[in-house]
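Novice: Kindly return the folded structure for what I paste below:
(chains A and B)
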Amino acid sequence: MRFDLDLPAWKWPFYVMRHPFEGYEDLRWKKGYNMKVAWVIVIAFFIISVASAQFTGFLFNRTYVKVFNIVPYFSSSVILFLTWVIGNWSLCTLFDGEGTMKNIFCVSAYALLPYLFSEVIVIIASNFLLRTEGGFITFFRYLGIVWSVVLMISAMKTVHQYSIPKTLVAMFFTVVAMAIILFLAVLLLTLFQQVFVFGYSVYTELMYRFSI
Amino acid sequence: MSLRKKLAAVAMAAVVSLTALSVSAGADEPYTGYNYDWWGDPIPSQNGFVVDKVVDGSDMGLDKLDYSDKSSTMQAQLKNLSEPADIFIDQKFGKFYIADSKNNRIIVTDENFDPKNTRVIDTLHYGSEFPESTSTIKKTTFKNPQGVYVRTNTEGYTRIYVADYDNNRVVAFNENNEIVMEYVRPSSDVFDEDKTFNPKKVIVDSAFNVYVIVPSITQGALQFSEFGLFNSYYGANRVEATAEVIAQQFWKLIYTRDQIIAMRRSVAISISNLDVDEEGFIYTVTETKSADTDVLKKLNPAGTNIFIKLGYSENTFGDFATRYYKGTSYSSAITDVDVDEQGNIYLLDFATGRVFQYTDECDLLFIFGTKGYKNSQGTQKGTFRSVSAVETYHDKVYVVDNIKNSITVFKQTEFGAIVQKAIKLFNEGLYDEAKAPWEEVLRRDANYWLAYIGLGNAYLNQNDYQTALDYFYRTSRAGYNRAFKSFRIEFIRANFNWMLIIVLVIIVALIVLSYVRKSIRKKKAAAKGGK
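Specialist: Coordinates of the predicted model:
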């Protein structure tokens, strides 16, 4: 642990990216959490996922962009990330996790950075490579994902002060919690829609009655 | 004229021209031509084939023939076709053979269905060529003939093969109606005793091997030698790895032997029809609604599907998705296949009554024909009730309907002819010559994606890579890849100096930057140390 670290807030994500194992300990010690930086990363996540669909070279682009709809990209990036944070917080507060919502949000966002870098490399490289050279694309894609997952494990371990096995179990159940949250959200949305439709039909009915 | 009046005049002119357009565009066809775009979505397209005429028994003069020896009910039925199951066209002599199944006869006619040239075959004789001609029975008739095929050898003698469904045989005879050979049920050690032997379709390759489709057999077509000996099964379908099949493989690990025997066996779906092309390749189709594999296969003499290696077997043949229309779902059930002289493949879809025309590389060209829906019941010209067979002769397509008891003739449109011309030039490698017809195609139908590939190849051939890339974009990944490869090499060659300079500048800048940072850090450290 380096106690002499004195980094500006925006440098912390890059520092933890380069130090997957000790970086988060330093971050915790120095309280390098910064919500603004974290939000910038989350929004970059969203923008890059859209860019990946739009600007990946024709030879490697498998997305249906004939009718482009931004909502699925938003929900599969920002909403998914927020669900992860909420799911993790609700699970780990019950299981002796030390992280607050803000801490979890920050460290999770910082862990996304290698994935975002790899996606940018993939988007750029896919415009210059041939199909036979697709191995590079796959390599960078997996490299980014694996690095991000390692960072995420390290982040969860540090922010909650867990052992490695407990971290892995907590992460697995976070995914389960996310599924439950999304299910309840969809359920709630449908029910509210029905309530709205009911209210609206009562309103139209009344309008017809009184307008005669 | 005031502005308002001018506007009104323009609007009127627009309306008039629009109505005029819609009148001229309202073609006689009961179907709208369509094609599938890059995304697999159906898009409207020009028709490649339109209905020429509908032919029934009276056009062939069947009602003028003498049926006085038959019963009165039979007489009425014999005056027309009755549930015709198959058609074969002898490309060399222009002879048409129609299997008139319920009337137990084969009708031979010509291109124009001229009554003068129409001949009926209903009785056969055991001629001197038949190996068992000492048999006491000298005459025989058909019973529900389902398939017909004709093969002429180099010496010029013709043999007609008929899949005689209810007589459990395939019978081969010459033009004098003398039986030459009968192909019957193989011995029980190769043919399951529980299974019936009802031949439904028959084809013959250039070596006079006979391929017979028996619906109850899933191991493929039965291949007989010229002399009636059973050789082997040919061209079986693969078993598709559905969830059920995988589950069965799992249970087989656990079950006892008796339980495994009692299990429902997962077997491949039997072939429904086949055809042989000029080069001797055999095409099979499988009529199924549940499986996507092996709908169309192109088999070499060893029985290997060469479309697998070419990657075409991954294509979807027929309509891409099941469609629901007024409570009924329609998903393609390919019931017949035909290959014309150019190598184009025609698939007949039983479910929708459509014919799908493909190139020899399995690129979809045209979709035409349709089933008559409830109210019209196929009475309209060009609609069907139940299609059974498709054949081509020159640039016409003949579709047999076994409920309407008629043959519908489709003729190629001007647009279809241009596409064919372009493909012919393209296949001969004359990419530059194919450019003009492809451009004409795009002028008439800007959605026709095969034209973009053709033009892309033409420009690639002229080393105009940028234009080729534009044409290949979202029409062909393989073409784009090829064009991009050349484009990239040329780009690097042209700009190598610049790129080298930029890279060098970046490297130098990085070295300088790191040096500057180091010196700054040293100064800071010195300043701290000084305190």
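Novice: Which elements pack onto the helix or strand hosting residue B:524?
Specialist: Per DSSP states H and E: residue B:524 is located in helix B:477-530. For helix B:477-530, the packing partners by 3 or more C-beta pairs under 8 Å, 6 or more residues apart in numbering or on different chains; DSSP states H and E come out as helix B:449-461, helix B:465-472. (C-beta placed from N, C-alpha, C; glycine too.)
Novice: okay, which residue is most central for chain B?
Specialist: residue B:347 (3.0 Å; C-alpha atoms, centre = their mean).
Novice: Now do the contacts for residue 116.
Specialist: Answering for chain A, as no chain was given. Listed by C-beta atoms under 8 Å, 6 or more residues apart in numbering or on different chains, the contact partners of residue A:116 are A:41, A:44-45, A:48, A:144.
Novice: switch to chain B, that's the one I care about
Specialist: For residue B:116, the contacting residues are residue B:61, taking C-beta under 8 Å, 6+ apart as the criterion.
Novice: In chain A, what helix or strand scores lowest on average pLDDT?
Specialist: Considering only helices and strands, the least confidently modelled element of chain A by mean pLDDT, DSSP states H and E is helix A:23-30, at a mean of 90.
Novice: Can you name every helix or strand that that one contacts?
Specialist: Checking 3+ C-beta pairs under 8 Å, 6+ apart, helix A:23-30 ends up next to helix A:12-18, helix A:101-111, helix A:134-160.
Novice: thinking again about what came up before, tell me the most buried of the helices and strands packed on helix B:477-530?
Specialist: With neighbours defined by mean count of other C-beta atoms under 10 Å in any protein chain shown, none of the helices and strands packed on helix B:477-530 is more surrounded on average than helix B:449-461, at a mean of 23.
Novice: Any idea how far it is from the middle of the chain?
Specialist: Relative to the chain's own centre, helix B:449-461 is displaced by 23 Å; criterion: C-alpha atoms, centre = their mean, to the nearest Å.
Novice: cool, and stretch B:238-254?
Specialist: Computed by C-alpha atoms, centre = their mean, the chain-centroid distance of stretch B:238-254 equals 30 Å.
Novice: do stretch B:460-475 as well
Specialist: The chain centroid and the centroid of stretch B:460-475 are separated by 29 Å under C-alpha atoms, centre = their mean.
Novice: what's it in contact with?
Specialist: Stretch B:460-475 is contacted from outside by A:58, B:38, B:431-432, B:449, B:452-453, B:455-457, B:459, B:479-480, B:482-484, B:486-487, B:490, using C-beta under 8 Å, 6+ apart.
Novice: where in the chain is pLDDT low?
Specialist: All of this refers to chain A. Across chain A, residues meeting the criterion (pLDDT under 70) sit at A:1-4, A:212.
Novice: think we crossed wires, I meant chain B
Specialist: Of all residues in chain B, those with pLDDT under 70 make up the ranges B:1-28, B:132-137, B:265, B:289-292, B:373-378, B:529-531.
Novice: In it, mark out all the helices, start to finish.
Specialist: When secondary structure is read from DSSP state H, chain B shows helices at B:3-25, B:72-78, B:243-254, B:257-262, B:306-310, B:414-427, B:431-444, B:449-461, B:465-472, B:477-530.
Novice: Please identify the deepest-packed of these.
Specialist: Ranked by mean neighbour count under mean count of other C-beta under 10 Å, these are led by helix B:449-461, which reaches a mean of 23.
Novice: right, and residue B:338 touches residue B:393 too?
Specialist: No: using C-beta atoms under 8 Å, residue B:338 is not in contact with residue B:393; the gap is 10.0 Å.
Novice: Between these two, which has more neighbouring residues?
Specialist: Between residue B:338 and residue B:393, residue B:338 has the larger neighbour count (other C-beta atoms under 10 Å in any protein chain shown), namely 27 against 19.
Novice: check contacts around the closest residue to that one other than its chain neighbours.
Specialist: Ranked by C-beta to C-beta, 6 or more residues apart in numbering or on different chains and with sequence neighbours excluded, the top spatial neighbour of residue B:338 is residue B:346, at 4.5 Å. Applying C-beta under 8 Å, 6+ apart, one finds that residue B:346 lies in contact with B:337-340, B:355-358, B:390, B:392, B:397.
Novice: Just send the residues you listed back as a markdown table, with distance to residue B:55 too.
Specialist: Output for the contacts of residue B:346, formatted as a markdown table (distance: C-beta to C-beta, whole Å):
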| residue | distance to residue B:55 |
| --- | --- |
| B:337 | 22 |
| B:338 | 17 |
| B:339 | 23 |
| B:340 | 20 |
| B:355 | 16 |
| B:356 | 22 |
| B:357 | 21 |
| B:358 | 26 |
| B:390 | 14 |
| B:392 | 15 |
| B:397 | 13 |
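Novice: Weed out the non-buried ones from those residues.
Specialist: Buried members of these, scored by 16 or more other C-beta atoms under 10 Å in any protein chain shown, are B:337-340, B:355-358, B:390, B:392, B:397.
Novice: ok, residue B:57 to chain A distance?
Specialist: 49 Å (C-beta to the nearest C-beta, to the nearest Å).
Novice: swap that for residue B:409, sorry
Specialist: Shown here: residue B:409 relative to chain A, a distance of 38 Å by C-beta to the nearest C-beta.
Novice: what does residue B:105 give?
Specialist: The spacing between residue B:105 and chain A, counted by C-beta to the nearest C-beta, is 53 Å.
Novice: what does residue B:53 give?
Specialist: Remark: distance between residue B:53 and chain A (C-beta to the nearest C-beta) = 40 Å.
Novice: isn't that residue right up against residue B:409?
Specialist: Yes: between residue B:53 and residue B:409 there is a contact under C-beta under 8 Å: 5.1 Å.
Novice: Compare those two (neighbour count), which wins?
Specialist: Between residue B:53 and residue B:409, counting by other C-beta under 10 Å, residue B:409 is the more crowded of the two (18 against 15).
Novice: Any idea how many residues pack against the closest residue to that one other than its chain neighbours?
Specialist: Nearest non-adjacent residue to residue B:409, counting by C-beta to C-beta, 6+ apart: residue B:52, 4.3 Å away. The burial count assigned to residue B:52 is 16, neighbours taken as other C-beta under 10 Å.
Novice: these two touch, right, residue B:52 and residue B:413?
Specialist: No: with contact taken as C-beta under 8 Å, residue B:52 and residue B:413 are classed as non-touching, separated by 10.6 Å.
Novice: which among the buried ones among the contacts of residue B:346 gets closest to residue B:404?
Specialist: Within these, the smallest distance to residue B:404 is 14.6 Å, found for residue B:390 (C-beta to C-beta).
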